[in-house]
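# take a look and give me a structure for this.
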Amino acid sequence: EVQLQASGGGLVQAGGSLRLACAGSGISFDDVAIGWFRQAPGKEREGVSCIDNRDGDIRYSDFAKGRFTISKDSTKRTVYLQMNNLKPEDTAVYYCNDVKTVAMRTATWGKGTQVTVSS
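Residues are numbered from 1 along each chain as shown. Model prediction:
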């Protein structure tokens, strides 16, 4: 069974930082692209960043550029999202998932991790 579990969220003041972690199991970690996504209350889920574990290609949404950094530790089968200079509009539930399954609309979603940024 494929499992990608996000953790590391919390409550932080504007301008603060958090590091999220996405631990993978039941998946060929080095052969997939892992993405971070978020969903704010009343809004649709949106992409944040992704990393292709096959070639290291990295992408960011415009709002994440310059503030967020995605990285991976293959030995730990974990993808990280370092978020700096957080803003209240970053408040959302953050999820990680296999980018291919998201694109094919076959992804199952875990509980995610709540990030709350106070002003």
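# where in this protein is pLDDT low?
Under the criterion of pLDDT under 70, the regions of the chain flagged as low confidence span 1.
# pick out the residue closest to the middle of it.
For the chain, the residue whose C-alpha lies nearest the mean C-alpha position (Cα atoms, centre = their mean) is Trp36; its distance is 2.4 Å.
# thought it was touching Ile58?
No - with contact defined as Cβ atoms under 8 Å, Trp36 does not count as touching Ile58 (11.2 Å). Placement of C-beta: from N, CA and C, glycine included.
# sorry, back to before: distance of the residue lying closest to the residue nearest to the centre of the chain once chain neighbours are set aside from Asn84?
Nearest in space to Trp36, with sequence neighbours left out and distances taken as Cβ to Cβ, 6 or more residues apart in numbering, is Val48 at 4.2 Å. Going from Val48 to Asn84 by Cβ to Cβ, to the nearest Å gives 13 Å.
# those two: which has the busier surroundings?
Val48 (24 against 13; other Cβ atoms under 10 Å).
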